[in-house]
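Asks: Need a 3D model of the sequence below.
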Amino acid sequence: MRVILMVILFLIFGYSLGLVLVNNDEVAVNLLFTQSPSMNLGLLLIICLGLGVLIGLLLALLLFKVLQNKWEIGRLNKENRSLKEELRQANIAIDRQANSPSVDQSVFVGDKDKVTPAPTSPVNNNLTKH
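Replies: This is a model prediction of the structure:
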C-alpha cells in the first residue's frame, strides 16, 4: 500500500513540476478588493487546484459526517420503536398476570372468612441406603 501511495505522490509531484515549467508566464490576479502580486501561471494553477482539492475533501468529510449522523439517528429511532413495542407487550403480559385469578383465590373463592391451606402431598423424607 505504501509503495502505491509513493508512486501516486511521485506522479502528482512530476505533473505539478511539468505544469509549472510549461506555464511559465507571469500573471497578476485581481481578487476584487485586492490584487495578488505577479506569479507564475503554473504555480497559480497548482495553488488553485490544491485549494480546490482541500476544500472538496473537507466538504466531502462534512457531508459524510452529516449522512452518518442521519443514518445513526434513523437506526436509533427504529431501535427505540422496537423497544417501545417490546415494553408495551411486557406491560400487557404483566397486566394479564396481575388480573388473572391466582391458585389460592380460585380454590377458596367461597370462603373468604375461613381460609385453610390447600392440601399438599406428603414428602418422602426417607434416606435411601447404599
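Asks: quick one: the residue nearest to the spatial centre of the chain and residue 78, what's the gap?
Replies: Geometric centre of the chain, nearest residue: residue 72, 3.8 Å, by C-alpha atoms, centre = their mean. As judged by C-beta to C-beta, to the nearest Å, residue 72 and residue 78 stand 11 Å apart. Placement of C-beta: from N, CA and C, glycine included.
Asks: Also residue 64?
Replies: Distance from residue 64 to residue 78, counting by C-beta to C-beta: 21 Å.
Asks: and the residue nearest to the centre of the chain, helix, strand or coil?
Replies: Assigned by DSSP: H, G, I helix; E, B strand; the rest coil, the conformation of residue 72 is helix.
Asks: any idea which element residue 12 lies in?
Replies: Taking DSSP states H and E as the criterion, residue 12 maps to helix 2-22.
Asks: helices and strands around the following helix or strand past that helix, which ones?
Replies: Counting by DSSP H and E, the next helix or strand C-terminal to helix 2-22 is strand 26-27. In this structure, strand 26-27 packs against strand 39-40, helix 41-99, with contacts taken as 3 or more C-beta pairs under 8 Å, 6 or more residues apart in numbering; DSSP states H and E.
Asks: ok, 7 Å please
Replies: strand 39-40 (3 or more C-beta pairs under 7 Å, 6 or more residues apart in numbering; DSSP states H and E).
Asks: So what's the gap between the strand it packs on and the chain middle?
Replies: 47 Å (C-alpha atoms, centre = their mean, to the nearest Å).
Asks: Pull the residues that contact it.
Replies: For strand 39-40, the external contacting residues (C-beta atoms under 7 Å, 6 or more residues apart in numbering) are 20, 24, 26, 27.
Asks: Quickly list what the last one is bridged to.
Replies: In other words, residue 27. Counting by DSSP bridges, residue 27 forms beta bridges with residue 39.
Asks: So it sits against residue 37, correct?
Replies: No. If you go by C-beta atoms under 7 Å, residue 27 and residue 37 don't touch, sitting 10.2 Å apart.
Asks: Of those two, give the one with the bigger neighbour count.
Replies: For the pair residue 27 and residue 37, the greater number of neighbours falls to residue 27 (14 against 7), based on other C-beta atoms under 10 Å.
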